[in-house]
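Participant: Let me see the structure of the following:
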Amino acid sequence: MAQQNRHYLILGSTGSIGYAFAKEVLQQGEQVTLLVRDRKKAEKLFPVSANLQFAEGDAQHKELLQQLGAQATHIFHGINYPYPKWQGNMQRVTVNVIDAAAVNKATILFPGNIYNYGLTREITETSPEAPNTRKGAIRAELEQLLKQAAAGKCQVINVRLPDFWGPNVLNEGIAPVFRGALHGKAMPWLYRNDIPHQLVYTPDAALAFYELSKLPQPEPYALYNYAGEVVPSIKQWQAQIAAMAGTKPTHKLYSKAMFSVLGLLMPMMKEISEMAYLWQNTVLLRDDKLRQALPQLHRTPMPEAIQDTLQWFREYDAK
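Facilitator: Have a look, this model is predicted:
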């Protein structure tokens, strides 16, 4: 049952994790405001609901964000720019989110990732940060901004996550896998598909965020890892997806050499090439702290999660 005094302002609701979180809190009956740049796009993703309101605009609009923050008890910071546009944009929008949260002493819910650590085999909440890429350094900078804000302006819950997958995850790493399975075409991956890889189903991560948002936190800056699930290999996972789609798997690997060449011409390819270590190695989050805080938290069984994601892509691509 929703608590009447909670009001969630969600940024990035048409993206992967923001979409999943918005769906979760709406399903829970919470009061929700979505700040969106394209209202028509958002209305296609979210049906009309008495507890949902849309605000059209950009999170870079500081005054608008502060107006919306005045009624929010929680602000979900799901804003994510394309890799080549991270520098400057991610810092500015995070400062805007902090200032908006300060208006009502709201709690910022921040989806973290593993970029802060560089090549580290296992990550706990106390692992030392050692970013070895520009994007890792930016992520560390964003978290430092949030830690400073938690010293007096607001509360922060940072949940670190591995690679996303699920409904409305439309990045070029995940969407072609499900579309390839549905249409009997190649299912691509980067660098290696023969080693264990950690993934998180976005509805599961959204539920973890929601349950944490209801708990009193012992510290103003609360950091958790959420491990999701480790698949034995991407090749095996893709074969499972294809089998459930009723097709035969066709695997396709993009090599490091290819990305290096394309990076000379395409900024996005250069940015992905910088992160190659994440697909060439198995990097694992440990989430003992989260499991202690939420011992009843469940994970969607893989077959069910795959089936729901395939169905979402069937319906989305048919529109």
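Participant: only C-alpha atoms for contact and neighbour calcs from this point on.
Facilitator: OK.
Participant: For Gly173, what is the enclosing helix or strand?
Facilitator: Here Gly173, judged by DSSP states H and E, is contained in no helix and no strand.
Participant: Give the full set of residues in contact with it.
Facilitator: Pro188, Trp189, Leu190 (Cα atoms under 8 Å, 6 or more residues apart in numbering).
Participant: Thr247 now?
Facilitator: Ala181, Leu182, His183, Gly184.
Participant: quick one on the thing from earlier: of the contacts of Gly173, which belong to strands?
Facilitator: Using DSSP state E, Pro188, Trp189, Leu190 are the members of the contacts of Gly173 that sit in strands.
Participant: how far away is the nearest residue to the last one once chain neighbours are set aside from Trp237?
Facilitator: In this case it means Leu190. Nearest residue to Leu190 in three dimensions, chain neighbours excluded: Tyr254, at 4.9 Å (Cα to Cα, 6 or more residues apart in numbering). To Trp237, Tyr254 is 17 Å away according to Cα to Cα, to the nearest Å.
Participant: Looking at these two, which one has more neighbours?
Facilitator: Shown here are Tyr254 and Trp237; by other Cα atoms under 10 Å, Trp237 has more neighbours (17 against 12).
Participant: That one reaches Val231, doesn't it?
Facilitator: Yes. Using Cα atoms under 8 Å, Trp237 is in contact with Val231, at 6.5 Å.
Participant: Check Leu264 and give its pLDDT.
Facilitator: The model reports Leu264 with a pLDDT of 66.
Participant: And Pro249, by the same measure?
Facilitator: 95.
Participant: how about it, what does it touch?
Facilitator: Taking Cα under 8 Å, 6+ apart as the test, what Pro249 contacts is Ala181, Gly184, Lys185, Ala186, Met187, Gln238, Ala239, Ala242, Ala243.
Participant: give me the low-pLDDT residue ranges for the stretch 201-319 of the chain?
Facilitator: Counting by pLDDT under 70, the ranges of the stretch 201-319 of the chain that qualify are 262-268, 319.
Participant: What is the neighbour count of Gln258?
Facilitator: Actually, residue 258 is Met rather than Gln. By other Cα under 10 Å, the residues close to Met258 number 12.
Participant: Quickly find the element holding it.
Facilitator: Here Met258 is assigned to helix 256-263, by DSSP H and E.
Participant: elements contacting that helix?
Facilitator: helix 267-274 (3 or more Cα pairs under 8 Å, 6 or more residues apart in numbering; DSSP states H and E).
Participant: in the following helix or strand past the helix it packs on, what's buried?
Facilitator: Toward the C-terminal end, the helix or strand that comes next after helix 267-274 (DSSP H and E) is helix 277-280. Across helix 277-280, burial judged by 16 or more other Cα atoms under 10 Å covers Leu278, Trp279, Gln280.
Participant: now do stretch 75-93
Facilitator: In stretch 75-93, counting by 16+ other Cα under 10 Å, buried: Ile75, Phe76, His77, Gly78, Ile79, Asn80, Trp86, Met90, Gln91, Arg92, Val93.
Participant: Give me the nearest residue to Ile195, chain neighbours excluded.
Facilitator: Counting by Cα to Cα, 6+ apart, Ile195 lies nearest to Ser233, which is 4.8 Å off, once chain neighbours are set aside.
Participant: Please tell me how far that neighbour sits from Lys23.
Facilitator: 29 Å.
Participant: One more: Ser127?
Facilitator: Distance of Ser127 to Lys23, given as Cα to Cα: 32 Å.
Participant: repeat for Leu285
Facilitator: 25 Å.
Participant: Those two: which is more packed in?
Facilitator: More neighbours surround Leu285 than the other of Leu285 and Lys23, with 24 against 19 (other Cα under 10 Å).
Participant: burial measure for the residue lying closest to that one once chain neighbours are set aside, as a count.
Facilitator: Setting aside the residues directly before and after it, Leu285 is nearest to Ile123 in space (Cα to Cα, 6+ apart), at 4.7 Å. By the criterion of other Cα under 10 Å, Ile123 has 19 neighbours.
Participant: got it, and Pro301?
Facilitator: 10.
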